[in-house]
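A.B. asks: have a look at this fold, sequence not included:
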């Protein structure tokens with residue numbers, strides 16, 4: 001943990017340096033500015049809100065932080081019907097009613113597995129509810145694509161995230177559940193429904209993930225993911241000169257600025273995987289057609305991996321973004 005860039009206080013770290021529910025390491029290159037945003041969120045005990053292009057690595061950051069710090073990771077994918085309560089727990093009243101009726105049927109020889117008089121048998125904890133109950137250390141919670149929910153959702157979420165971090169299960173007569181360690185909450189947004197409410201934004205640390213337009217930075221990201229998405233057989237790995245050429249052409253594609261949806265780092269990595277596959281299928285010294293097209297610039301190989309909107313496809317057919 002000596003090389004860990006994230007500044008979590010010792011009292012909130014897991015005993016032994018790693019919690020059993022910590023995720024496996026993921027390939028991720030966090031910029032110094034993004035690392036600072038994470039550390040500010042930890043220090044100020046506030047959620048970190050991330051915006052940026054689709055495929056820029058917003059969702060992967062939370063998993064990367066959890067793996068680096070050895071903390072449990074809880075994922076909450078937001079939907080159009082999501083409510084703030086869902087992050088704490090859900091209660092299945094219909095299942096309980098079903099068990100009550102089942103237990104009352106005459107002549108039954110097999111009892112109901114769940115006891116209807118125990119309401120906790122019908123409670124399922126959400127991502128925040130589980131994070132609040134980790135006794136040994138903090139947990140990382142990813143609230144993904146918050147902008148998909150109703151406009152009231154972000155403000156309702158504030159009541160859950162603010163102190164005291166505690167909630168009660170209304171259906172059970174139990175003491176409130178309180179978080180022993182503050183969770184690190186990372187929230188992503190694609191602005192599908194416009195800007196988020198001002199009160200919510202005031203409560204958050206904000207960071208915008210810029211596309212890494214510097215070729216050296218892109219090469220770092222590619223190397224972190226393995227050359228052309230290793231682990232793969234060496235024969236399917238692109239030679240460095242072809243990776244340089246692919247990055248150059250990819251950046252030129254974005255730089256022309258007339259794409260409705262420019263490809264991001266996720267598309268670049270998939271494109272390199274496809275080029276690596278084509279490179280692995282070469283026979284003798286002859287280049288496969290996609291590699292030959294990449295070298296001579298006559299057309300863009302595998303455009304279906306780069307263009308995700310119909311309006312951009314005429315440019316794909318022309319072999320360029322201009």
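C.D. replies: Received the coordinates, thanks. A quick note: this is a predicted structure, and the numbers were derived from the prediction, not measured.

A.B. asks: shaky segments in the chain?
C.D. replies: By pLDDT under 70, the weakly predicted segments of the chain are 1-2, 107-112, 192-194, 227-236, 283, 315-322.

A.B. asks: show me where it has its strands.
C.D. replies: Secondary structure of the chain, counting by DSSP state E: strands at 48-52, 73-77, 89-91, 123-125, 140-144, 166-167, 177-178, 184-189, 205-209.

A.B. asks: and the last one with strand 184-189, angle?
C.D. replies: It stands for strand 205-209. 50 degrees (axes from the mean of the first three to the mean of the last three CA atoms, to 10 degrees).

A.B. asks: and strand 205-209 with strand 48-52, angle?
C.D. replies: Inter-element angle recorded for strand 205-209 and strand 48-52: 20 degrees (by the same axes, to 10 degrees).

A.B. asks: surely residue 156 meets residue 84?
C.D. replies: Yes. Residue 156 is in contact with residue 84 according to CB atoms under 8 Å; the separation is 3.8 Å. Any C-beta I mention is one placed from the backbone N, CA and C, and that applies to glycine too.

A.B. asks: more neighbours, these two?
C.D. replies: Remark: of residue 156 and residue 84, residue 84 carries more neighbours, 20 against 15, as counted by other CB atoms under 10 Å.

A.B. asks: nearest residue to residue 46 in space, ignoring adjacent ones along the chain?
C.D. replies: Excluding the flanking residues, the one nearest residue 46 by CB to CB, 6 or more residues apart in numbering is residue 205, at 5.2 Å.

A.B. asks: quick check, the one you found in contact with residue 50.
C.D. replies: No. Residue 205 is not in contact with residue 50 according to CB under 8 Å; the separation is 9.5 Å.

A.B. asks: comparing these two, which residue is more hemmed in?
C.D. replies: Between residue 205 and residue 50, counted using other CB under 10 Å, the more crowded position is residue 50 (25 against 20).

A.B. asks: could you find the closest non-adjacent residue to that one?
C.D. replies: Counting by CB to CB, 6+ apart, residue 50 lies nearest to residue 58, which is 4.4 Å off, once chain neighbours are set aside.

A.B. asks: fine by me, we can end here.
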